[in-house]
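*Asks:* Need coordinates for the below:
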Amino acid sequence: MSRDRAARVPKIKGVAMLNAVRALRSMDKERARELLPTALHKYLEDERILAVAWYPEADMLELNRALAQLIRPTLRGAKLEETFVHMGRLVADIDLSGMYASLQRGGVDHDLVQRMASGWKQYHDTGSLSASTEGNHIRFELRDFGLPTLELCWIQRGWFLAYVERAASSGQVTVVESQCRLRGAPSCVWDATWK
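*Replies:* Next up, the predicted model:
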C-alpha cells in the first residue's frame, strides 16, 4: 500500500452529515457538548455544513455516537445496537421520502437495487457497495471502506431494513450481517430476506 493511501483520511459528504447535525442541534445541546470531543463542538454551533463539502468520517462517527446516547433513552430499554439500527431506519426514511424515492418504485427490481448501491460513492470517498438480488433475497456487500465500525454496520443494517420494507412492500423483512471486516472477513455483507 502506498504511503498516500495509508495516510488518507476517509471522508463523508456534508449532505450525509446534515441530519445528524440538525438532530444534535435540536436536542439537549449541553448534553451533546458533554458527549462530543471538544474539537467537534463546532458542529453544534452555527457553523454551516456544506452539502457538497467533504468531512472526516471519524467526525460523523462521533456525531452518531453522541446522537445514539441522546436517542437511546427515548427507545425504552433499547440496546445500543438497536439504537443504531433505529437511526439507520430514520435516515433511510428521510432519504427514501426525498431524492431517492424512485429507488423503491416497482418493487425489488435488480436495476433499482444496483442504482441504490451505486449511490454509496456519492456520500463516501472510500469503499464500494454492491447488491445482488435473487427471489426474495438481496445481498449487500461493502468493500474497502476506510473506517469500519460496529456503529456503521448497525446503521447500514437499519438503512437496508427500511429500504427493503419499502421496496418489497413487506413488514416481514430480516437483515442479517453475515460477515464483517471487524470479525476478520474481507468485506461486510448483509443478507436481506422478506415474505
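*Asks:* Please count neighbours and contacts with C-alpha atoms only from this point.
*Replies:* Fine.
*Asks:* Got the confidence number for Met116?
*Replies:* Looking at Met116, its pLDDT is 83.
*Asks:* Quick check: phi and psi on it?
*Replies:* According to degrees, to the nearest 10, the main-chain angles of Met116 amount to phi -60, psi -50.
*Asks:* and it, how far is that from Ala131?
*Replies:* 9 Å (Cα to Cα, to the nearest Å).
*Asks:* Likewise for Trp154?
*Replies:* Using Cα to Cα, we find Trp154 at a distance of 17 Å from Ala131.
*Asks:* Which stretches in the chain count as strands?
*Replies:* Applying DSSP state E to the chain gives strands spanning 11-13, 54-56, 128-133, 137-143, 173-179, 188-194.
*Asks:* out of those strands, which comes closest to Arg25?
*Replies:* Closest to Arg25 of those, according to Cα to Cα: strand 54-56, at 17.8 Å.
*Asks:* Tell me the gap between that closest one and the middle of its chain.
*Replies:* The chain centre lies 15 Å from the centre of strand 54-56; the measure is Cα atoms, centre = their mean, to the nearest Å.
*Asks:* Quick check: mean pLDDT of it?
*Replies:* 97.
*Asks:* can you check stretch 31-43 too?
*Replies:* Averaging pLDDT along stretch 31-43 yields 96.
*Asks:* Contacts for that stretch next, please.
*Replies:* 21, 24, 44, 49, 59, 62-63, 66-67, 70 (Cα atoms under 8 Å, 6 or more residues apart in numbering).
*Asks:* which residue sits closest to Met87, ignoring its sequence neighbours?
*Replies:* In space, and not counting its chain neighbours, Met87 is closest to Ile155: 6.3 Å by Cα to Cα, 6 or more residues apart in numbering.
*Asks:* need the contact list for the one you found.
*Replies:* Counting by Cα under 8 Å, 6+ apart, Ile155 makes contact with 84-89.
*Asks:* Mind checking which of the residues you listed are in helices?
*Replies:* 84-89 (DSSP state H).
*Asks:* now the closest residue to Thr193 other than its chain neighbours: how far from Val108?
*Replies:* With sequence-adjacent residues excluded and distances taken as Cα to Cα, 6+ apart, Thr193 is closest to His137, at 4.6 Å. Between His137 and Val108 the distance, using Cα to Cα, works out to 9 Å.
*Asks:* Equivalent analysis for Thr126, please.
*Replies:* When Thr126 is compared with Val108 (using Cα to Cα), they lie 26 Å apart.
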